[in-house]
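>>> model this:
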Amino acid sequence: QVQLVESGGGLVQAGGSLRLSCAASGRTFSSYAMGWFRQAPGKEREFVAAINWSGGRTYYADSVKGRSTISRDNAKNTVYLQMNSVKPEDTAVYYCAARAARYSEILYVKEADFGSWGQGTQVTVSS
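Prediction:
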């Protein structure tokens, strides 16, 4: 399994942008499928975005589609979530997750699909 560390969260005004990063340990990061999830206060953790091992396939929750971009740099063992036009309802703790996928093209969107999780980074959007 890989170890994951998120960064890039903080306080941002509605309509603004931010980029979250997730740095992974391990030499096999490039074979992993990755995902971003978030958990707002009083709510269950929910799927945000997913990316396959190469970055060639992505998938988004309807709530962020068109405003967010997930990407990865396998040379840097890092996955990113660019969020634009943020809204107060985007306020949450954001987690990245990894699943050993052996270079599969499958995208994973369920929490139970992922075996490794980061500690989370807080994103707060002010109105």
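>>> which residues touch stretch 3-14?
Stretch 3-14 has contacts (C-beta atoms under 8 Å, 6 or more residues apart in numbering) with 18-26, 86-88, 93-98, 116-127. Yep, even glycine has a C-beta here, placed from its N, CA and C like the rest.
>>> Got a PyMOL select line for the buried ones in these?
Selection of buried members from the contacts of stretch 3-14 for PyMOL, criterion 16 or more other C-beta atoms under 10 Å:
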select buried, resi 18+20+21+22+23+24+26+86+93+94+95+96+97+98+116+117+118+120+121+123+125
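>>> Now do the contacts for G26.
Contacts of G26 by C-beta under 8 Å, 6+ apart are Q1, V2, Q3, N77.
>>> Tell me if it really is in a helix.
No: per DSSP: H, G, I helix; E, B strand; the rest coil, G26 lies outside any helix segment and is coil.
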